[in-house]
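A.B. asks: need a 3D model of the sequence below.
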Amino acid sequence: MDAQSQRPVPFATVYLPEKGGTYADSAGNFELLLNDLSSTDTLIASSLGYETTYIPVSGTNFSDLTIPLQRKSEFLDTIIISDKEAMNKVIKALEKIPDNFPTQPFLMDGFYRQTHREDGHWCRLIEAQVDIYDESYGPYRGTELQEFLLVRDLRRSNVNEQNGFKHGDHLVDLLIENIVRYQGGRFTNPPATDKYEFAFDESTSSSVYVIQYTNKNLLEEIIRTGIIEIETGTFAIHRITELSYPNPNYKPSFNEPQDDWIFKEGFKEIKFVKKDEKMWLSEIHQYYKHDIFNFQFYGVEHAVEEYFDMWIVDVGFVKPEMNNGFTKQGNLYSKKYSYNSDKWNLEILKQHPLDIKIKNSLERFESLEEQFDQNAQ
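C.D. replies: Here you go, the predicted model:
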């Protein structure tokens, strides 16, 4: 929670280095299974706009822990600017995308993870090592994948979910959530920018503009509200976080088809890092929660949560041989793979290990290693 206001801090990150972690939900609540703890371990909590908090395991009662997060001290160096100027800063950052982002062919080495939970039980894991080739961050305002993908290695757990086959190509979907690259109808598409409201966050400083945004059409089905961080000197976009939830005032049309997947909330985070004077995608995360509605007995059958994560391991101005299997599809649910555990001794997995509570839940009957091997073809 916010130490000053005592209000919840949604989607904060809470983790134990080398042992796993989790995200808080939209109300600031989190669950973290703590096994094999050492007296020297330290729990770490962090969130946008707050100081990172370190809690020693020794002497701490974790049964009902509340973590107060302190706002960063540099937030006191606040720049007070009107909302119109905030919008102008965003527009300027969008205009500077060709200067700040790569505009010649490049290759990214990515690690992808996807986890599903139904009614509180973890039921699916997919991990993949992926090459992602892109021509440019040029002005593309659509929502169709422009990058080419090569899935080098893949592994899947057993499927223990009721909606095991009702899924799209989530690897592709996650990449398209990079709304700097794929602007679509979002605020990053200049023609749509005036459909959003902007205001400077109190954390805006002399080095970073921190700007809040929300879609202002109260008749839209989904409300999207978030924060964009922009470097003051270069107008380079460093980070975007966004919370989405159903608009309680939305009135569907009479002939609008009913969907059995009822959207409850969503969250995404997109991070960029500077290298060779350009901004590169470094992480992208997406979370969705739905209720599955049964029209036969007219009630909610179960709840589904889906988490999608991508970490970029390396980037460079490289154009690979495109006849080596690059496509515009991931197909991670059905793609055939062979499994060799030696190929998964990755540094990125040490930095971002699977949450221990997910691992334990998925290993109720057999180890993940056994599942990965059994699902190989």
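
A.B. asks: which strand or helix spans residue 300?
C.D. replies: Using DSSP states H and E, residue 300 sits in strand 299-316.

A.B. asks: what ranges does the stretch 201-350 of the chain have for its strands?
C.D. replies: 208-215, 222-231, 237-246, 261-275, 278-294, 299-316 (DSSP state E, counting those that start in this stretch).

A.B. asks: I'd like those strands written out as JSON lines, with mean neighbour count and distance to residue 352 added.
C.D. replies: C-beta: built from backbone N, CA, C; applies to glycine. As requested, the strands of the stretch 201-350 of the chain are exported to JSON lines (neighbours: other C-beta atoms under 10 Å; distance: least, C-beta to C-beta, whole Å):
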{"stretch": "strand 208-215", "mean neighbour count": "20", "distance to residue 352": "25"}
{"stretch": "strand 222-231", "mean neighbour count": "19", "distance to residue 352": "21"}
{"stretch": "strand 237-246", "mean neighbour count": "19", "distance to residue 352": "17"}
{"stretch": "strand 261-275", "mean neighbour count": "18", "distance to residue 352": "13"}
{"stretch": "strand 278-294", "mean neighbour count": "19", "distance to residue 352": "9"}
{"stretch": "strand 299-316", "mean neighbour count": "17", "distance to residue 352": "6"}
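
A.B. asks: of all the ones you listed, which one is nearest residue 120?
C.D. replies: strand 299-316 (7.9 Å; C-beta to C-beta).

A.B. asks: circling back: what's the average pLDDT for the strand holding residue 300?
C.D. replies: Throughout strand 299-316, pLDDT has a mean value of 89.

A.B. asks: distance from the chain centre to it, please.
C.D. replies: 7 Å (C-alpha atoms, centre = their mean, to the nearest Å).

A.B. asks: hmm, residue 146 and residue 133 touching each other?
C.D. replies: No - the criterion here is C-beta atoms under 8 Å, and residue 133 misses it with residue 146 at 10.1 Å.

A.B. asks: who touches stretch 284-291?
C.D. replies: Residues from elsewhere that reach stretch 284-291, judged by C-beta atoms under 8 Å, 6 or more residues apart in numbering: 11, 23, 173-175, 177-178, 261-271, 300, 302-310.

A.B. asks: the strand holding residue 300 pairs with which strands?
C.D. replies: strand 106-118 (antiparallel), strand 278-294 (antiparallel) (DSSP bridges).

A.B. asks: which of those strands sits closest to residue 360?
C.D. replies: strand 106-118 (12.9 Å).

A.B. asks: number of residues surrounding residue 110?
C.D. replies: Residues contacting residue 110 under the criterion other C-beta atoms under 10 Å number 24.

A.B. asks: who does it bridge with?
C.D. replies: residue 130, residue 312.

A.B. asks: still on that earlier bit, is it possible to get a markdown table of the strands of the stretch 201-350 of the chain that adds distance to residue 363?
C.D. replies: Output for the strands of the stretch 201-350 of the chain, formatted as a markdown table (distance: least, C-beta to C-beta, whole Å):
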| stretch | distance to residue 363 |
| --- | --- |
| strand 208-215 | 41 |
| strand 222-231 | 35 |
| strand 237-246 | 32 |
| strand 261-275 | 27 |
| strand 278-294 | 23 |
| strand 299-316 | 18 |
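
A.B. asks: for residue 129, find the nearest of those strands.
C.D. replies: strand 299-316 (8.5 Å).

A.B. asks: which residues in the stretch 101-250 of the chain form helices?
C.D. replies: Remark: helices of the stretch 101-250 of the chain, listed N- to C-terminal, are 170-176; assignment by DSSP state H, counting those that start in this stretch.
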